[in-house]
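Asker: model this:
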Amino acid sequence: MSDDPSIAGEEEAGNFVITNMGSKYDLDASFRTDDDYLARGPFKVHSPDTSEWRWGYRLEQVGDHLVFQDGTAFGRTIMTDSVSIRGSDDGSIIWMYGPEGSRLTVLTLTAATFEDYRKAIPGGIAVASFDDGARVVMAELETKRRARFGLDFDPVLTNRLGLVFRNDSDVTTIGLYHFGPGGRTRKRVDAKWIDCDFTTESWRLREDDDALLSPFLDSGVAAYDTATKHDGSAVPFHKLGQFVFPRFDIDGPEDWGELFDEWDIVS
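Answerer: Residues are numbered from 1 along each chain as shown. Predicted coordinates for the structure are as follows:
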């Protein structure tokens, strides 16, 4: 039996719903399994009733049943008492066989590839890793789902990074910051993260009321390091704009730390 307590719990309970697997950790890593979800995804959902696959994400086992988000307001529930669920030998596919009306059907979930994510992200956005691509696609899907509840004003982010820049004719950057939980802030200096007191940063002491912040992808950190090595902290914004996601900016530096605690951040 595995030493992993979460796996051991599934084995002892004997209710893991993918019948030919010992635990969710037998799934392919591209499903992005973690402690909370069988598959964070996003993954591809294939149904006989549709000509093209669709996105799904956040697949979790609730009791003896499965639930995942499929772009609808409340997601999709799979009642496993009438459905057989099996995984492929390599863990990259999950098949769900069961009745639908008077016929049998199969719903298929397959792990996505980096290329799937790159094709799905908004134009003008660049990602350099599989996980960053997954987070961007999930943030887009979750933003659209929330809009069904009238929450389209509430941004969905991929991390806690903020690129700070001046709202002037040159649009030059001031710095890259990580706004951690509880007010802990770090800034990027010489390709390293260092702790800082955000309230006493030099540009804040000058009361620059033209400073703005935009969310910034993990994929852009290396590009920021390279740009600042050559240009110093005042990097032209256009050199880093492809890593700004979602596309918005906000003023009011005194509130930024609290906002990162309030905004939804996908993982």
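Asker: just the helices in the protein please.
Answerer: Assigned helices in the chain, in chain order: 5-13, 114-120, 130-147, 202-205, 221-231, 256-262 (criterion: DSSP state H).
Asker: Can you list the buried residues in the second one?
Answerer: Residues of helix 114-120 classed as buried by neighbour count (16 or more other Cβ atoms under 10 Å): Phe114, Asp116, Tyr117, Ala120. C-beta coordinates here come from the backbone N, C-alpha and C atoms, glycine included.
Asker: could I get those as TSV with pLDDT and distance to Asn167?
Answerer: Listed next are the buried residues of helix 114-120 as TSV, based on pLDDT from 0 to 100; distance: Cβ to Cβ, whole Å:
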residue	pLDDT	distance to Asn167
Phe114	97	35
Asp116	97	36
Tyr117	98	32
Ala120	96	31
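Asker: Who are the contact partners of Arg184?
Answerer: Contacts for Arg184 (Cβ atoms under 8 Å, 6 or more residues apart in numbering) come out as Asp195.
Asker: Quickly note the distance from it to Asp197.
Answerer: Noted for Arg184: a distance of 10 Å to Asp197, by Cβ to Cβ, to the nearest Å.
Asker: Which residues are in contact with each of these two?
Answerer: Where contact means Cβ under 8 Å, 6+ apart, no residue is in contact with each of Arg184 and Asp197.
Asker: Point out where the stretch 151-267 of the chain drops to low pLDDT.
Answerer: 207-209 (pLDDT under 70).
Asker: how does it look with 90?
Answerer: Low-confidence segments of the stretch 151-267 of the chain, defined by pLDDT under 90: 151-155, 166-172, 182-183, 199, 201-211, 229-236, 252, 254.
Asker: which residues in it form strands?
Answerer: 156-157, 161-166, 173-179, 185-189, 192-196, 211-215, 264-265 (DSSP state E, counting those that start in this stretch).
Asker: right, and those - which one's nearest Asn15?
Answerer: For the strands of the stretch 151-267 of the chain, proximity to Asn15 was assessed by Cβ to Cβ; strand 264-265 is nearest, at 30.1 Å.
Asker: Pairing partners for that closest one, with directions?
Answerer: Next to strand 264-265 in the sheet, as set by DSSP bridges, lie strand 156-157 (parallel).
Asker: picking that back up, what's the closest of the strands of the stretch 151-267 of the chain to Arg247?
Answerer: Short answer: strand 211-215, nearest of the strands of the stretch 151-267 of the chain by Cβ to Cβ, at 7.7 Å.
Asker: Give me the residues contacting the closest one.
Answerer: 155, 157-159, 161-167, 174, 203-204, 244-251, 253, 256.
Asker: Work out the gap between it and the centre of the chain.
Answerer: 20 Å (Cα atoms, centre = their mean, to the nearest Å).
Asker: what does stretch 79-99 give?
Answerer: Stretch 79-99 sits 25 Å away from the centroid of its parent chain (Cα atoms, centre = their mean).
Asker: circling back: could the strands of the stretch 151-267 of the chain go into CSV alongside distance to Ile18 and mean neighbour count?
Answerer: Conversion of the strands of the stretch 151-267 of the chain to CSV gives the following (distance: least, Cβ to Cβ, whole Å; neighbours: other Cβ atoms under 10 Å):
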stretch, distance to Ile18, mean neighbour count
strand 156-157, 29, 21
strand 161-166, 35, 23
strand 173-179, 37, 22
strand 185-189, 40, 18
strand 192-196, 39, 11
strand 211-215, 35, 22
strand 264-265, 28, 14
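Asker: mind putting those in TSV, distance to Asn20 included?
Answerer: Formatted as TSV, the strands of the stretch 151-267 of the chain follow (distance: least, Cβ to Cβ, whole Å):
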stretch	distance to Asn20
strand 156-157	35
strand 161-166	41
strand 173-179	42
strand 185-189	45
strand 192-196	44
strand 211-215	41
strand 264-265	35
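Asker: Of those strands, give the one that comes closest to Met138.
Answerer: With Cβ to Cβ, the closest approach to Met138 among these belongs to strand 156-157: 8.2 Å.
Asker: Cool, thanks, signing off.
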